[in-house]
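Novice: What follows is a protein structure lacking sequence information:
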Ligand SMILES: CCCCCCCCCCCCC/C=C/C(=O)SCCNC(=O)CCNC(=O)[C@H](O)C(C)(C)COP(=O)(O)OP(=O)(O)OC[C@H]1O[C@@H](n2cnc3c(N)ncnc32)[C@H](O)[C@@H]1OP(=O)(O)O
C-alpha cells in the first residue's frame, strides 16, 4: 500500500482570492474539498518523493467559499479559493506557525498595495472597454492615420536629410561647416517648418488627440527664428549659431517623427519611445539657448539696418527698432520653454508610468 506524502505547496493572495500551486506533475484522482473552512487535497502523481499518493490539509485564517476551482497541468495543480469577504489576510492559515510544506509563490506574489493597484488597473481596463464599446467608431480613422503617416514620413525624410548632411559636412569640413550651414540647409528647413504648421492644425481639427498650445508655441517659436531672425537678415546667414540651432532641431525630429509614424500603424518600439521622450531633456534647453544667442546677435543688426522697424508719429521720433520686439520675444521664449518643458515632462511620465512590484 502507498504511503501518503505531503507535496510542496506555494501560495499567494489577492483581495478576493487565494492561489495555491501544488507541485505535483501528472496528477490523477484529484480530490479537492473545502469543508468548515479547511481545504483537503489528495491526488496521485509525481512529487518531490517520486510517484506516490500526496495529500495535505489547510485550515484558512478567515472564512472562504466552499466552491473551489482548479486546473491540473503536466507540472502542477493550480487551485483558486474565493474569500468569503474581500480583504487582506496577514497569513494564510489559522495556526500561527506556517506548515513546513507551505511557501510563498514568488511568481504571483504581490503585497497589499500592489494588489490594490492591480485591481484598480483591471477595473479601469473594464471601464475603458465598456466606454470604447459605446463610442461609435470614427469612419475616417483609416484616412486620418494614412494622412498622418505620410506627413510624419515626409518630415522624417526632410529632417534626416538635414541631420545627415550636417553631420557629414561636420566630419569633412570641421568647424568650417558652421559658417555656411544656412546656405546648404535653409531650403529644406524652410520646407519642413512650413509643413510643421500642420502640427497646430492637426490637434485643432481633432486629427491628433493633444493640446494646441504646445505645438503652437513650438512652431511659432521655431518659425520666428527661422524666417525672421535668420531669413530676413543676411548678416545672420554665416553665423555659427545657425549650425547649433539646426542641429538641435534635427536631432530631436529624427526620433520624434518615426515614433509618430510607427504609432500610426500601432507599432511601439521601446527604444524609439524612450529616445523620443528623453532626448528633448538636454536638446530643448540647448536649442532654445542657441535660438536666444541668435536673437541677441541679431539685435544690433536690426538697430543698424532699420529692417522691420516700426514707423512712429513724427512727434515721437523716426521709428521703433525691431530689437525692442526682440527683447519682449526673449522673455516669451523662456516662458514658452517652461510651458513646453512641463508639457513634455508630463507626457513622458504618462508614457513611462510603471507599476512597482515587490517579490518576497
Ligand atoms: C502665439 C504663441 C506665442 C508663443 C510665444 C512664442 C515663444 C516661443 C518660444 C519657444 C521656443 C521653442 C522653439 C523650439 C526649439 C526647439 O525645438 S529646440 C530642439 C528640441 N525640441 C524639442 O525637443 C521639441 C520637440 N517637439 C515636441 O516634442 C512637440 O512638438 C511638442 C508640441 C512639444 C509635444 O507635443 P505633443 O504632440 O502634445 O506630445 P506627444 O506626446 O508627442 O503627442 C501626444 C499624442 O499625440 C500624438 N501625435 C502628436 N503628433 C502626432 C503626429 N504628427 N502624428 C501622429 N500622432 C501624433 C502622439 O502619438 C500622442 O498620442 P498618444 O500616444 O495616443 O498619447
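Specialist: Sure thing, it's come through. This structure is a prediction, so every number in the text was calculated from the model and none was measured. Numbers count the residues shown, from 1 in each chain.
Novice: Let me know the pLDDT of the closest residue to the ligand within the stretch 1-150 of the chain.
Specialist: Residue nearest to the ligand within the stretch 1-150 of the chain (CB to the nearest ligand atom): residue 148, separated by 4.2 Å. Using the backbone N, CA and C atoms, a C-beta is placed for each residue, glycine as well. pLDDT for residue 148: 97.
Novice: Now it: which helix or strand?
Specialist: Assigned by DSSP states H and E, residue 148 belongs to helix 141-173.
Novice: Return the list of helices and strands in contact with that helix.
Specialist: Judged by 3 or more CB pairs under 8 Å, 6 or more residues apart in numbering; DSSP states H and E, the packing partners of helix 141-173 are helix 181-195, helix 198-204, helix 241-264.
Novice: how about that helix: buried residues?
Specialist: Within helix 141-173, the residues that qualify as buried are 144-145, 148-149, 151-152, 155-156, 158-159, 162-163, 165-166, 169-170, counting by 16 or more other CB atoms under 10 Å.
Novice: hey, where'd the strands end up in the chain?
Specialist: Assigned by DSSP state E, the strands in the chain fall at 4-5, 9-13, 17-22, 25-35, 38-47, 50-59, 64-72, 77-83, 102-104, 310-311, 319-320.
Novice: In the stretch 201-350 of the chain, which residue sits closest to the ligand?
Specialist: For the stretch 201-350 of the chain, CB to the nearest ligand atom, closest residue to the ligand: residue 287, 2.3 Å.
Novice: What is the burial count for that residue?
Specialist: A total of 23 residues lie near residue 287 under the criterion other CB atoms under 10 Å.
Novice: if we can go back for a sec, got the angle for the helix holding residue 148 vs helix 241-264?
Specialist: Using axes from the mean of the first three to the mean of the last three CA atoms, to 10 degrees, one finds that helix 141-173 and helix 241-264 are set 150 degrees apart in direction.
Novice: quick one: helix 141-173 to chain centroid distance?
Specialist: With CA atoms, centre = their mean, to the nearest Å as the basis, helix 141-173 stands 22 Å off its chain's centre.
Novice: relative to helix 181-195, how tilted is it?
Specialist: Counting by the same axes, to 10 degrees, helix 141-173 lies at 170 degrees to helix 181-195.
Novice: Now render the helices and strands packed on helix 141-173 as a markdown table, adding mean neighbour count.
Specialist: Output for the helices and strands packed on helix 141-173, formatted as a markdown table (neighbours: other CB atoms under 10 Å):
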| stretch | mean neighbour count |
| --- | --- |
| helix 181-195 | 17 |
| helix 198-204 | 17 |
| helix 241-264 | 21 |
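Novice: can you redo those helices as TSV with distance to the ligand?
Specialist: Formatted as TSV, the helices and strands packed on helix 141-173 follow (distance: least, CB to the nearest ligand atom, whole Å):
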stretch	distance to the ligand
helix 181-195	10
helix 198-204	6
helix 241-264	4
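Novice: can you redo the ones you listed as CSV with mean pLDDT?
Specialist: Shown next, in CSV, are those (pLDDT from 0 to 100):
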stretch, mean pLDDT
helix 181-195, 97
helix 198-204, 97
helix 241-264, 97
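Novice: List the residues that contact the closest residue to residue 192 other than its chain neighbours.
Specialist: With sequence-adjacent residues excluded and distances taken as CB to CB, 6 or more residues apart in numbering, residue 192 is closest to residue 158, at 4.2 Å. With contacts defined as CB atoms under 8 Å, 6 or more residues apart in numbering, residue 158 is in contact with 188, 191, 192, 195.
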